[in-house]
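Undergrad: Quick one, what's the 3D model for this:
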Amino acid sequence: MIHLTLEYLFLAGTISVYIYYIFRLTACFVKKKQGIFWNIAAFIGIWLTGDMVVFPEDPINIAAMLLLYTATVFLFYGGTNIEKISVVLILFPIMVSVNFITTDLTGLIYFRLTPGGYFLDRLLTWISYMLRVLFWAGIYHGFQKKLSRMAGLMTAKIWLLPDMICTAAFIGSITVISTARIENAWTAYPSCIACIVASLGCIWLCLYIGDAVRQELENENMKLRQSYYEELEQNQLAIRKLRHDMNNHLGIIGSFMETGEYEKALDYFKKLQVAAAAAFYPAVLDDAVVHVNLHIAGTDALWTVLNGLHRISSSPSGAQNRPGDGRRQGTPQGHPCPRGYGRSCGRSRRCSRRPS
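TA: Here you go, the predicted model:
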């Protein structure tokens, strides 16, 4: 009794390994529902489907397992209906073909090439399960990383192509298995192998299409990034130009202030107001929002200085300022000339003769 229990546990553990790979491979196409209940139910459904025994001249068993696997995917997995149908059409033909070949091949060896016996029967059964483990492990580790990145990239129209290919190969394989005699079941091997190759080719095709879609999205992202940096560079150039113009204007105003020509300074400010208005409206028409903001910011700063100078020139102390009164010449009483104006006096005077 203990011997039989250990034997069945060993076989059940081997079955669990390749069922686990089918379970994870299915989750690469469609996402699992959250919750341990859904995971356990999905694993049990795939267990019943993946451990099916396929015999020649038995299409009813294949149809029943197809309905069970379809119900498992639709009930315990998420995603769209086209994705669920696609994973059934791609993976189920592989399960049928692999189970049929491994079961019939080990049975052929047992009945025709060996004297038989209980131990040999158990050994060949375990070898059959191990072949399935190696097969599904190879598929899972070969496609898992790329399949996980493919999720969400395939549209309903793209899924139609691999679905039609897998459906045609599956119908042909079922037809051959259902019509093959038990004593000549090996004649269905080429059809099963072709079905497996077609399904694997569809998986590779899905990966190729997914990579193409991902590459297209990356190219669009690169174009948007390039456009962003080009706009950023234009904004930086506009800021540099505005800073250069502001320095020139303030230098000219500083020269007028140092020579006491306040009326000329006010006239210059009025000209700047007209120039700022002329620069503002074309920017609006061109829809250059950033440049509009820069012009507005520069005009506000400039007119802040203008208001201060206007108050200085209109004050009595500024009107009574005379050279030799103990203060710097050209500077209103109580309002010393800014240091920046004094340092740029020579350059400002040259700019005042040739205003931009």
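
Undergrad: give the contact list for the residue nearest to residue 202 when sequence neighbours are not counted.
TA: Leaving aside its sequence neighbours, residue 202 sits nearest to residue 162 (Cβ to Cβ, 6 or more residues apart in numbering; 3.7 Å). (Glycine included, C-beta is placed from N, CA and C.) By Cβ atoms under 8 Å, 6 or more residues apart in numbering, residue 162 lies in contact with 86, 89, 90, 202, 203, 205, 206.

Undergrad: OK, contacts around residue 48?
TA: The contact partners of residue 48, by Cβ under 8 Å, 6+ apart, come to 65, 68.

Undergrad: Can you tell me the element it falls in?
TA: Residue 48 belongs to helix 36-50 when assigned by DSSP states H and E.

Undergrad: What residues sit buried inside that helix?
TA: 42, 43, 45, 46, 47, 49, 50 (16 or more other Cβ atoms under 10 Å).

Undergrad: just stretch 117-132 next, same as before
TA: So stretch 117-132, judged by 16+ other Cβ under 10 Å, has buried residues 124, 125, 128, 129, 131, 132.

Undergrad: Then stretch 77-90?
TA: 77, 79, 82, 83, 84, 85, 86, 87, 88, 89, 90.

Undergrad: For that stretch, report the contacting residues that lie outside it.
TA: 26-27, 29-33, 42, 66, 69-70, 73-74, 154, 156, 159, 162-163, 166-167, 170, 199, 202-203.

Undergrad: Type out the PyMOL command that picks the buried ones from those.
TA: In PyMOL syntax, the buried subset of the contacts of stretch 77-90 is picked out as below (16+ other Cβ under 10 Å):
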select buried, resi 26+27+29+30+32+42+66+69+70+73+154+159+162+163+166+170+199+202+203
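
Undergrad: quick revisit: got the contact list for the helix or strand that the helix holding residue 48 is followed by?
TA: The element immediately downstream of helix 36-50 (helix or strand, assigned by DSSP H and E) is helix 59-76. With contact meaning Cβ under 8 Å, 6+ apart, helix 59-76 is reached by 26, 30, 32-33, 38-39, 41-42, 45-46, 48-49, 52-55, 81, 84, 87-88, 91-92, 95-96, 174, 177-178.

Undergrad: and residue 246, how many neighbours does it have?
TA: When counting by other Cβ atoms under 10 Å, one arrives at 14 neighbours for residue 246.

Undergrad: I'd like to know how far it sits from residue 272.
TA: 10 Å (Cβ to Cβ, to the nearest Å).

Undergrad: Repeat that for residue 35.
TA: In terms of Cβ to Cβ, residue 35 sits 70 Å off from residue 272.

Undergrad: okay if I get the buried residues of stretch 77-90 as JSON lines plus secondary structure and distance to residue 238?
TA: Shown next, in JSON lines, are the buried residues of stretch 77-90 (DSSP: H, G, I helix; E, B strand; the rest coil; distance: Cβ to Cβ, whole Å):
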{"residue": "77", "secondary structure": "strand", "distance to residue 238": "54"}
{"residue": "79", "secondary structure": "coil", "distance to residue 238": "49"}
{"residue": "82", "secondary structure": "helix", "distance to residue 238": "50"}
{"residue": "83", "secondary structure": "helix", "distance to residue 238": "49"}
{"residue": "84", "secondary structure": "helix", "distance to residue 238": "54"}
{"residue": "85", "secondary structure": "helix", "distance to residue 238": "56"}
{"residue": "86", "secondary structure": "helix", "distance to residue 238": "52"}
{"residue": "87", "secondary structure": "helix", "distance to residue 238": "54"}
{"residue": "88", "secondary structure": "helix", "distance to residue 238": "59"}
{"residue": "89", "secondary structure": "helix", "distance to residue 238": "58"}
{"residue": "90", "secondary structure": "helix", "distance to residue 238": "56"}
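
Undergrad: will you turn those into a markdown table that also has distance to residue 194 and pLDDT?
TA: Shown next, in a markdown table, are those (distance: Cβ to Cβ, whole Å; pLDDT from 0 to 100):
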| residue | distance to residue 194 | pLDDT |
| --- | --- | --- |
| 77 | 28 | 90 |
| 79 | 28 | 83 |
| 82 | 25 | 89 |
| 83 | 25 | 88 |
| 84 | 25 | 91 |
| 85 | 22 | 92 |
| 86 | 20 | 90 |
| 87 | 20 | 91 |
| 88 | 19 | 92 |
| 89 | 15 | 92 |
| 90 | 15 | 91 |
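
Undergrad: what helices or strands is the longest helix seen in the chain leaning on?
TA: If each helix of the chain is counted by residues according to DSSP state H, the longest one is helix 189-258. If you count contacts as 3 or more Cβ pairs under 8 Å, 6 or more residues apart in numbering; DSSP states H and E, helix 189-258 packs onto helix 81-112, helix 118-150, helix 156-179, helix 262-286, helix 289-314, helix 339-343, helix 345-353.

Undergrad: For the stretch 1-150 of the chain, which residues score under the pLDDT cut-off?
TA: 1 (pLDDT under 70).

Undergrad: dump the residue contacts of residue 179.
TA: Contacts of residue 179 (Cβ under 8 Å, 6+ apart): residue 57.
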